[in-house]
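Student: Predicted model and sequence follow; I will ask about them next.
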Amino acid sequence: MRIYVVGGAVRDELLGLPVKDHDHVVVGATPDDMLAQGFRPVGKDFPVFLHPKTQEEYALARTERKTAPGYKGFVFHTSADVTLEEDLIRRDLTINAIARADDGTLTDPFGGRRDIEQRVFRHVSDAFAEDPVRILRVARFAARYGDFRVAPETNALMRQMTEQGEVDALVPERVWQELSRGLMEDKPSRMFEVLRDCGALARILPELDVLWGVPQPEKWHPEIDTGVHVLQVIDCAASAGLELPARFACLMHDLGKGVTPPATWPAHHGHEELGVKLVEQVCKRLKVPTECRELAVMTAREHGNVGRALQLRPNTIVKLLERCDAFRKPARFSQMLLATECDSRGRIGPSASYRDAPFPQLAHLEAAMAAARAVNAGEIAQASAADPQRIPELVHRARVTAVKTALKVADADDEDEDEGGDGRGMPPPPAAPEGGSA
């Protein structure tokens, strides 16, 4: 029996990164051998065992054979005769096909160390094409290791897999699992760039893929292209350390711009409401968790209103809070504000940048929410017990008064002001300094 550390642990060690988990492959052993040494079996499709003390995974060396479409259509073979090289050749990328023995000796039959040095994702063999999940994994790795590029031959193979319909065989749960993990990496935009380069994004998220080539007014969006804007927004969310629901909301917020009438471009009036249906469509198809779905829908619907919050009257602000259920779920409303802040800052082009621009709308609406939530609805209800039908109206009025006081707004009617801009009350980008971009 010979035991090797394989996969991510070896890869990250060579990259000088922290190692979180260790996976092991066992050569020259049978399931009975593992049981005799106290290992606990956990694998359903093939023999995987947990170490009796460390609880780390130990898998018997194995080969595999494709028997059906998708990522589950495999038959695995394990025996004491399977060699380490036969096990490694079934792995996805060369950088994941390096094994380390107990004495530190590395087995690298496919040039993984060379590709680590050159920062390249390269498939080990044509067996890569048998598992469409590997396309998602390569894209996720690109989000984690932002300075790596996909080898041209690997991208060509992924494109071929996409054209042959392998991506269509992926189950929604697995797609969401990989996408959500990629969104939580340091550079999530790279994941979507890789998926788009091989054509897989059009099959997995067609609602997002169509945004490339859709223009926005350069005065308000110096990056112009809507797809480019969305990638800037999700990278802003990653830099800010936002949680998954907010990052997903950033990804989904502008889907409506892909279905506005081209005759009206680069304007996209009403794209917020158009986007709601598309977000719901994506969430249903990918079986997105409720927390992520609700925040994404809310952000798509309301990010325009948040953007022009400084022009909204107190009554309209309270209606916004009520519509977003902010009195029962204030944390979710705050997450939407953070996502919309990233939307505002993800406007970076050759002539100007909003990367570090202030976003006073966040503090403005947070203050309004705090004031409105401080209203004691119970006391109002008790005082109006004789006329219960008026209670909602009276509570609403009290909240409007509280917001008006907190924001120091003078009495006025409820006609919201809109001073132009991109339709969200946002100012134009700052002028570029002479000789370069802002």
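Tutor: Yep, it's here. This one's a predicted model, so the numbers in the text were calculated from it and none came from an experiment.
Student: can you pull out the strands in this structure?
Tutor: For the chain, applying DSSP state E gives strands covering 2-6, 23-27, 40-41, 48-50, 57-60, 62-66, 74-78, 99-100, 106-107, 120-121, 149-150.
Student: which residues pair with residue 150 across the strands?
Tutor: In this entry, residue 150 is beta-bridged to residue 121, by DSSP bridges.
Student: quick one on the thing from earlier: please identify the deepest-packed of the strands of the chain.
Tutor: Per-stretch averages of neighbours, counted by mean count of other Cβ atoms under 10 Å, single out strand 99-100 among the strands of the chain, with a mean of 22. Yep, even glycine has a C-beta here, placed from its N, CA and C like the rest.
Student: In this protein, where is pLDDT below threshold?
Tutor: Low-confidence segments of the chain (pLDDT under 70): 43-46, 64-79, 410-438.
Student: related to what we said a few turns ago, so which of the strands of the chain is nearest residue 229?
Tutor: Residue 229 lies closest to strand 149-150 among these, at 23.2 Å (Cβ to Cβ).
Student: packing partners for the closest one?
Tutor: Strand 149-150 sits against strand 120-121, with contacts defined as 3 or more Cβ pairs under 8 Å, 6 or more residues apart in numbering; DSSP states H and E.
Student: which strands and helices sit next to the strand it packs on?
Tutor: helix 133-144, strand 149-150.
Student: which outside residues touch it?
Tutor: Outside strand 120-121, the residues within contact range by Cβ atoms under 8 Å, 6 or more residues apart in numbering are 93, 95, 115, 138, 141-142, 148-151, 154.
Student: now do stretch 91-107
Tutor: Residues outside stretch 91-107 that contact it (Cβ under 8 Å, 6+ apart) are 2-11, 13-14, 25, 84-85, 88-89, 108-116, 121-124, 128, 131, 134, 137-138, 141.
Student: returning to that earlier point: filter the contacts of strand 120-121 to the buried ones?
Tutor: 93, 95, 115, 138, 141-142, 148-151, 154 (16 or more other Cβ atoms under 10 Å).
Student: out of those residues, who's nearest residue 339?
Tutor: When those are compared for distance to residue 339 (Cβ to Cβ), residue 142 wins out at 22.9 Å.
Student: so the closest one makes contact with residue 195?
Tutor: No. Counting by Cβ atoms under 8 Å, residue 142 stays clear of residue 195, with 9.1 Å between them.
Student: which two in the buried ones among the contacts of strand 120-121 are spaced the farthest apart?
Tutor: Greatest spatial distance among the buried ones among the contacts of strand 120-121 (Cβ to Cβ): 115 and 142, at 13.6 Å.
Student: quick one, what contacts the closest residue to residue 401 other than its chain neighbours?
Tutor: When the adjacent residues along the chain are set aside, residue 401 lies closest to residue 314, with 7.9 Å between them (Cβ to Cβ, 6 or more residues apart in numbering). Shown in contact with residue 314 (Cβ under 8 Å, 6+ apart): 368, 400-401, 403-404, 407, 409.
Student: Distance check, residue 314 against residue 323.
Tutor: Noted for residue 314: a distance of 15 Å to residue 323, by Cβ to Cβ, to the nearest Å.
Student: Kindly report the same for residue 213.
Tutor: Using Cβ to Cβ, one obtains 33 Å as the distance from residue 213 to residue 323.
Student: Next: residue 407.
Tutor: Applying Cβ to Cβ, the value for residue 407 to residue 323 is 19 Å.
Student: what about those two, which has more around it?
Tutor: Each of residue 407 and residue 323 has its neighbours counted (other Cβ atoms under 10 Å); residue 407 has more, 17 against 12.
Student: out of everything not next to it in sequence, what's closest to the more buried one?
Tutor: When the adjacent residues along the chain are set aside, residue 407 lies closest to residue 368, with 6.1 Å between them (Cβ to Cβ, 6+ apart).
Student: how much space between the one you found and residue 395?
Tutor: Where residue 395 is concerned, residue 368 sits at a distance of 15 Å (Cβ to Cβ).
Student: Looking at these two, which one has more neighbours?
Tutor: The neighbour count for residue 368 versus residue 395, taken as other Cβ under 10 Å, is higher for residue 368 (26 against 22).
Student: That one contacts residue 317, doesn't it?
Tutor: Yes. Look at residue 368 against residue 317 with Cβ under 8 Å: they come within range, at 4.9 Å.
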